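S.K.: Got a predicted model here, sequence first, then my questions.
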Amino acid sequence: MDKFGILKQYFGYDSFREGQETLIDCILDGRDVLGVMPTGAGKSLCYQVPALLMEGITLVISPLISLMKDQVGALNGAGVHAAYLNSSLSQGQYRKALEYAKTGRYPIIYVAPERLVTRDFLDFALNARISMVAVDEAHCVSQWGQDFRPSYLKIARFLEQLPARPVVSAFTATATKEVQDDIVRMLELERPQVLTAGFNRPNLYFSVQSPKDRYATMKHYLDCHPKDSGIIYCLTRKTVEEVCGRLREDGFPVTRYHAGLSDQERQKNQDDFIYDRAPVMVATNAFGMGIDKSNVRYVIHYQMPKNMESYYQEAGRAGRDGEPAECILLYGGQDVITNQFFIDHNQENEELDETARARVWEQDRERLKKMTFYCFTNECLRDYILRYFGEYGENYCGNCSNCLSQFETVDVTKIVQVLAGCVRSSGQRYGINVLIDTVHGANTAKIRQYRMNENPYYGELSKEPVYKLRQVLNYLLLKEYLRTTSDEYLLVKLTEKLRPVLEEQETIVMKMVKEQEQAPKEKKRKRRKTGPGAGLTEADELLFERLRALRLAIAREEQVPPYIVFSDKTLVAMSRAWPKNKREMLAVSGVGEFKYERYGERFLACIKETNPAGEK
């Protein structure tokens, strides 16, 4: 069987997505690869397909138990023998899995990086035929990645100990050029094929809002999407508890996930979300990596995350089925302070020397600054994300809150000169809030304590609304007319770029939201379906709901997540095609031979029952 036969028989697809075939061919030719592909682009197929064609075992190194369970469950559901080796197994289960592995039962084995250095696993690996080592979430090997894990540094040493070097493949959804170079170096990839499939996810709508009442804004969104499954990310365990508790009181089917819960409760809550018993998950960033739930219709960041990599990875858990989904970030100034605290008290890099820790700390600060800029840019949000990851395109996507807002071009030179004058006259010793309060003429205890009420620019911009002053100051930071220090207090400093403006040789104009649009910022969008049934006829939608009910019944019988049976996207394809026999059912994307033999007749019967005349 060739790669196309594997793709169809086990995974039910007729063709590869962008980038997949190139990486698969390189692996089959014995060449190392690095694939940078956005969430939902099908990274796992790039090592799973060749693993089923190569002689020997493919080890997949994965950082999280939930990721391994999800991937192994999906493979077994597709008819592929796979296993995982991690701390969730008892000693008896672990030994049994190793025994099966030694007999060659599993072509694919998932393993946590910590296991690579244990005596029993090394004994197995040194005596087994390892054809490929696939490193998932490969950015974890880089100190400059958003989720550096020292345990990943053990991978290169493990590879050196093997009697024959296997093909090494590495995959990640989010990696800047610097992180990509680090992955190649740290994993010692040999002449690797590096492929970046592109970060753009056209089906995702991006929005940034700064509401006075975050909970009310979020609750209103959930009220408008009662049937949808979504994730709400919070920065702290305390906020998760508060938000989850209020949503439960308001009658939403919600659960929670954070590191303060017991392993048993985390697993139960994750299962409730995956099985759609509680379709809304409130969680810290501890949740989500490797969760292949295809019908997540929205991701709401209740607070701003610490960097763009984390944001895009978490937001990317929406719309994995390719159907429309929404990514909404609710921003508040306190989010910056909370993230600064996390960076300053990070305990995860203790294994690094002092110089390396200082470099990581400085890098984390810089990334937080770029994340903050995302929250107040007036440019296209999608374009901002793509540029961050090194891709360039038009500064208009038509599918983000900024592109759908009405802006006007405003000359802000006079405001800039006053703000800059305040920075200079106060000795560049204060942060954003103090400067804005000073020029606006605020009579607060802090302003009096710092004697900023005696500053020559005090009250000079009292007639300008505070939100406008903040927009201008944020714009100056974004365009590097001003900068902030990297210390605890984020003091605002002048840059040389501002000199022509202060000397009245240059003016500054910027896009600002029109006055009448300040609340809400984005103009009303024509409400569209974000669910997978968008675009279906009434008859198709009836069939889709019946197929979904059948899928849920089968999932409960087999005690697997519904998407393991068939994804929403496959059910939509069935609802459009109304297949009448095996041949037509196998033509539906996502239906392979194994799944047809297991489920096909029941789904055909459901379709026939919905349309007994055999005509749509």
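M.R.: Thanks, I have the structure now.
S.K.: For the stretch 51-200 of the chain, which segments count as helices?
M.R.: 65-77, 91-102, 119-126, 154-161, 177-186 (DSSP state H, counting those that start in this stretch).
S.K.: Show me the shaky parts of this protein.
M.R.: Where the chain drops to pLDDT under 70, the residues are 145-146, 289-290, 347-352, 486-489, 515-534, 612-616.
S.K.: what's the longest helix in it?
M.R.: If you go by DSSP state H, the chain has its longest helix at helix 354-376.
S.K.: residues of that one that come out buried?
M.R.: 360, 363-365, 367-369, 371-376 (16 or more other C-beta atoms under 10 Å). C-betas here are computed from N, CA, C, even on glycine.
S.K.: Nearest residue to His7 in space, please, no chain neighbours.
M.R.: Let me fix one detail, which is that residue 7 is Leu and not His. Tyr13 (5.2 Å; C-beta to C-beta, 6 or more residues apart in numbering).
S.K.: quick one: secondary structure of the one you found?
M.R.: coil (DSSP: H, G, I helix; E, B strand; the rest coil).
S.K.: show me the contacts for it.
M.R.: Leu7, Ser589, Gly590, Gly592 (C-beta atoms under 8 Å, 6 or more residues apart in numbering).
S.K.: Relative to Arg237, which of those is nearest.
M.R.: Nearest to Arg237 out of the contacts of Tyr13 is Gly590 (C-beta to C-beta; 37.2 Å).
S.K.: Contacts only, for the nearest residue to Tyr275 once chain neighbours are set aside.
M.R.: Nearest non-adjacent residue to Tyr275, counting by C-beta to C-beta, 6+ apart: Pro561, 5.7 Å away. Pro561 is in contact with Asp70, Gly73, Asp271, Ile274, Tyr275, Lys293, Ala555, counting by C-beta under 8 Å, 6+ apart.
S.K.: distance of the residue nearest to Val168 when sequence neighbours are not counted from Leu162?
M.R.: Beyond its immediate neighbours in the sequence, the residue positioned closest to Val168 (C-beta to C-beta, 6+ apart) is Asp32, lying 4.8 Å away. Distance, Asp32 to Leu162, using C-beta to C-beta, to the nearest Å: 14 Å.
S.K.: now Phe566
M.R.: 38 Å.
S.K.: Of these two, give the one with the bigger neighbour count.
M.R.: Per other C-beta atoms under 10 Å, whichever of Phe566 and Leu162 has more neighbours is Phe566, with 26 against 15.
S.K.: which residues does the more buried one contact?
M.R.: So Phe566 contacts Leu547, Arg551, Met574, Gly590, Val591, Lys595, Tyr599, Phe603 (C-beta under 8 Å, 6+ apart).
S.K.: Then Phe389?
M.R.: For Phe389, the contact set (C-beta under 8 Å, 6+ apart) comprises Thr174, Ala175, Thr176, Phe199, Met308, Tyr312.
S.K.: so what's the fifth one closest to, chain neighbours aside?
M.R.: Of all residues beyond its chain neighbours, the one nearest Met308 is Tyr388 (4.9 Å), with distances taken as C-beta to C-beta, 6+ apart.
S.K.: Is the one you found in contact with Glu366, as I believe?
M.R.: No: contact criterion C-beta atoms under 8 Å: Tyr388 and Glu366 do not qualify, at 11.8 Å.
S.K.: Which parts of the stretch 101-250 of the chain are strands?
M.R.: Secondary structure of the stretch 101-250 of the chain, counting by DSSP state E, counting those that start in this stretch: strands at 108-111, 130-135, 167-172, 193-196, 204-209, 229-233.
S.K.: what about these, which gets the closest to Cys380?
M.R.: With C-beta to C-beta as the yardstick, what comes closest out of those is strand 204-209 (8.9 Å).
S.K.: Next, the angle helix 354-376 makes with the closest one.
M.R.: Strand 204-209 and helix 354-376 are oriented at 90 degrees to each other (axes from the mean of the first three to the mean of the last three C-alpha atoms, to 10 degrees).
S.K.: Looking only at strand 204-209, what residues are buried by neighbour count?
M.R.: For strand 204-209, burial by neighbour count (16+ other C-beta under 10 Å) applies to Leu204, Tyr205, Phe206, Ser207, Val208, Gln209.
S.K.: Report the distance from it to the chain centre.
M.R.: 14 Å (C-alpha atoms, centre = their mean, to the nearest Å).
S.K.: Show residues contacting it.
M.R.: Where contact means C-beta under 8 Å, 6+ apart, the residues beyond strand 204-209 that reach it are 217, 315-316, 318-319, 324-331, 374-376, 381-382, 385, 399-402, 520-522.
S.K.: before we move on, the earlier item: quick one, which of the strands of the stretch 101-250 of the chain gets closest to Thr413.
M.R.: Of all the strands of the stretch 101-250 of the chain, strand 204-209 comes closest under C-beta to C-beta, at 26.1 Å.
S.K.: For Trp361, list the residues it contacts.
M.R.: Per C-beta under 8 Å, 6+ apart, neighbours of Trp361: Ile343, Asp344, Asn346.
S.K.: Which one of these sits in the busiest neighbourhood?
M.R.: Ile343 (18 neighbours).
S.K.: mind saving the C-alpha coords of whatever helix or strand that one lives in as PDB?
M.R.: Using DSSP states H and E, Ile343 sits in helix 333-344. Extracted C-alpha coordinates of helix 333-344, given in PDB (Å, rounded to 0.1, in the frame of the first residue of the first chain):
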ATOM      1  CA  GLY A 333      -4.600  47.100  31.600                       C
ATOM      2  CA  GLN A 334      -4.300  44.900  34.600                       C
ATOM      3  CA  ASP A 335      -3.500  41.900  32.300                       C
ATOM      4  CA  VAL A 336      -0.100  43.400  31.600                       C
ATOM      5  CA  ILE A 337       0.700  43.700  35.300                       C
ATOM      6  CA  THR A 338      -0.400  40.100  35.900                       C
ATOM      7  CA  ASN A 339       1.700  38.700  33.100                       C
ATOM      8  CA  GLN A 340       4.700  40.800  34.200                       C
ATOM      9  CA  PHE A 341       4.300  39.200  37.600                       C
ATOM     10  CA  PHE A 342       4.300  35.700  36.100                       C
ATOM     11  CA  ILE A 343       7.400  36.500  34.100                       C
ATOM     12  CA  ASP A 344       9.300  37.900  37.100                       C
END
